[in-house]
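# Predicted model follows, preceded by the sequence.
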Amino acid sequence: MPTRAIFSILSLLVACGSQDSDSTTTNAEEPSVAELAACDEHDLEVIPFMGPAFDDNGALLAPLPVPHIVATTAGWHTPENRDAVVSHNTPPMMDVFTHDGLLGASFAYSEACGSGRTVTLWRDEAARKKFVFGEVHSAAIRNGLKYTSGWETTHWTESTATEPPSWDAVKVRLATVRRE
């Protein structure tokens, strides 16, 4: 994994510091994913794209191949579950860079909303599935979801764009899937 990737991931983990809170939200009181997604991520911190299709500054080296696969996730946690979420998310965030077929990955977080987001770009569906159903990612999902307040994901085949989608575009895509 590139040194910049390690530094960026560690920066993400350090910067996602928990906030003081005297209340605990129970499952019955938890907001819906739509309510969580409506939070204003005014402090969204983006870690630029990294991976074989990107330079050290997160710029594309060449246009993305058409078609390619775009996958995105968004998850929310309460401050008291931050450390547990981080401990389960760190292994797949590191592992993704070891997978053949990855074109790039970007991460973002909002401390104000307790949210974390990912966008990964893949050469093809087989490469994406190898990561998603692989041991590291599967273990993170199996063991980490219980520490989240909500989670959503989607993926699609991009057949026209040769640039990665914006964070706003993936939020719209997730909202569309949520309404279906």
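Everything's here; your move. Numbers count the residues shown, from 1 in each chain.

# now the strands for this structure?
45-50, 68-76, 102-110, 115-122, 150-158 (DSSP state E).

# which residues does the spatially closest residue to residue 34 that is not a sequence neighbour contact?
Nearest residue to residue 34 in three dimensions, chain neighbours excluded: residue 178, at 6.0 Å (C-beta to C-beta, 6 or more residues apart in numbering). (Glycine included, C-beta is placed from N, CA and C.) For residue 178, the contact set (C-beta atoms under 8 Å, 6 or more residues apart in numbering) comprises 33-34, 37, 152.

# picking that back up, in JSON lines: the strands of the chain, plus distance to residue 29, mean pLDDT and mean neighbour count.
Compiled in JSON lines, the strands of the chain are given as follows (distance: least, C-beta to C-beta, whole Å; pLDDT from 0 to 100; neighbours: other C-beta atoms under 10 Å):
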{"stretch": "strand 45-50", "distance to residue 29": "28", "mean pLDDT": "96", "mean neighbour count": "18"}
{"stretch": "strand 68-76", "distance to residue 29": "14", "mean pLDDT": "95", "mean neighbour count": "22"}
{"stretch": "strand 102-110", "distance to residue 29": "21", "mean pLDDT": "95", "mean neighbour count": "22"}
{"stretch": "strand 115-122", "distance to residue 29": "18", "mean pLDDT": "95", "mean neighbour count": "23"}
{"stretch": "strand 150-158", "distance to residue 29": "13", "mean pLDDT": "94", "mean neighbour count": "16"}
